[in-house]
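Q: could you work out the structure for the sequence below:
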Amino acid sequence: MKISISNYGWIEMGFQEFASAAAEQEFSGIEIHDISDEAVSGVGAPFSYERIEASVRVLAAKGLEISMIGAGCDIFDGRDIDGSSEKILRAIDIAKSMKCRYVRISGSDGCDPDTARENTIDYIGRVIDSATAADVTILVETTGIFADTKFLCETLNIFANDNLAVLWNPAATKCAGESPEETIQNLGAYVEYVHMSDYTIEDGTVTPVLVGEGELPMDEIMSALRSVSYDGYLSALVNPADFGELGIPDIVFPQFSNYIRGIIPKSHKERVYLENRSRTGKYIWKHGELIKKTFSEVL
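A: So this is what the prediction gives:
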């Protein structure tokens, strides 16, 4: 497993400083929360079309990559499907340019489930062919109606496309009443990216806290991920505005890095077979990824 950190809430820090802070704490990637933000991809911004290649080189020199980018639209909202679909298509194009594997799409809370699901299916249907052609995977986050991961799985199964996967947000699914074990039982190999945040609840009030200091069952989360041999990113989703004086890079970055490295398993002693998307067969290794073994070693 690798660690990443989202730039959500850190835009004012600046691209170079943010990347340097991540590299100093040995992160493997940085995540762009909203690629449609003018401060991120507008004229003269680090990920404008004219500066993408230079920014990617800066990251590579620091040992970093873009782990994922957010499309910056609400897939549950059907009021401007044409415009929002164009945002997703632009995100796919940018992801291809920066050799980023994942584009995130998500929806807000408080939507009618059936309407939100219909809108999601419409969005995915409009963009999935472009994602496939660009070799980019669309990640649907487990937020809003899709914190019910059985409902999400049923939606994704309509497409059964290898370029469609899940971004698991354990904080959202736990708040919706699911255990990590239930989530992984529902989603299995669909999970290809994980957002890490934490919280406490007192008198019905949810308060964000640093990862590992709240109520999320981190041991259960890691156990669930190990059960599907997950080896992707664990990405910090930590808005500094939620933490007052503690919301500074010198505290947030090393705290996350040190905590997560302490709970990532050092090795997988037991081979776990991976289900395919249609649940009709199993893989020994993760489908579509190269393995560092000779043919005789495989046999």
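Q: where are the low-confidence patches of the stretch 101-250 of the chain?
A: Scanning the stretch 101-250 of the chain for pLDDT under 70 picks out no residues.
Q: longest helix of the chain?
A: helix 113-134 (DSSP state H).
Q: tilt between whichever helix or strand comes after that one and helix 113-134?
A: Next along the chain after helix 113-134, taking DSSP states H and E as the criterion, comes strand 137-141. Strand 137-141 runs at 160 degrees relative to helix 113-134, counting by axes from the mean of the first three to the mean of the last three CA atoms, to 10 degrees.
Q: off-centre distance for the longest helix of the chain?
A: Relative to the chain's own centre, helix 113-134 is displaced by 17 Å; criterion: CA atoms, centre = their mean, to the nearest Å.
Q: in terms of secondary structure, what does that helix contact?
A: When contacts are defined as 3 or more CB pairs under 8 Å, 6 or more residues apart in numbering; DSSP states H and E, helix 113-134 sits against helix 81-97, strand 102-106, strand 137-141, helix 149-156, strand 164-168. Just so you know, the C-beta spots here come from the backbone N, C-alpha and C atoms, and that holds for glycine as well.
Q: so what touches it?
A: 75-78, 81, 84-85, 88-89, 92-93, 95-96, 103, 105, 107, 137-138, 140, 144-146, 151, 155, 158-159, 161-164 (CB atoms under 8 Å, 6 or more residues apart in numbering).
Q: also stretch 234-244?
A: Stretch 234-244 is contacted from outside by 1-6, 8-10, 29, 31, 67-68, 169, 193-197, 208, 210-211, 247-248, 251-252, 256, 260, 264, using CB under 8 Å, 6+ apart.
Q: so of those, which ones are in helices?
A: Residues of those located in helices (DSSP H): 251-252, 256, 260.
Q: so what's the residue count around Asn258?
A: Residues lying near Asn258 (other CB atoms under 10 Å) number 12.
Q: in three-state terms, label it for me.
A: Per DSSP: H, G, I helix; E, B strand; the rest coil, the local secondary structure of Asn258 is helix.
Q: quick one, what contacts it?
A: Counting by CB under 8 Å, 6+ apart, Asn258 has no contacts.
Q: gap between it and Phe27?
A: As judged by CB to CB, to the nearest Å, Asn258 and Phe27 stand 12 Å apart.
Q: buried set for stretch 145-155?
A: 145-149, 152-153, 155 (16 or more other CB atoms under 10 Å).
Q: do the same with stretch 42-50
A: Residues of stretch 42-50 classed as buried by neighbour count (16+ other CB under 10 Å): 45-47.
Q: which residue ranges of the chain form strands?
A: Counting by DSSP state E, one finds strands in the chain at the ranges 2-6, 29-32, 65-74, 102-106, 137-141, 164-168, 191-196, 198-202, 205-209, 233-236, 274-275, 282-283.
Q: output those strands as TSV; include the columns mean neighbour count and distance to Ile52.
A: Shown next, in TSV, are the strands of the chain (neighbours: other CB atoms under 10 Å; distance: least, CB to CB, whole Å):
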stretch	mean neighbour count	distance to Ile52
strand 2-6	23	18
strand 29-32	24	11
strand 65-74	24	10
strand 102-106	24	15
strand 137-141	24	19
strand 164-168	25	22
strand 191-196	24	21
strand 198-202	14	33
strand 205-209	13	32
strand 233-236	26	20
strand 274-275	16	33
strand 282-283	12	34
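Q: in TSV: those, plus distance to Ser227.
A: Formatted as TSV, the strands of the chain follow (distance: least, CB to CB, whole Å):
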stretch	distance to Ser227
strand 2-6	19
strand 29-32	24
strand 65-74	23
strand 102-106	22
strand 137-141	20
strand 164-168	13
strand 191-196	11
strand 198-202	21
strand 205-209	26
strand 233-236	16
strand 274-275	10
strand 282-283	13
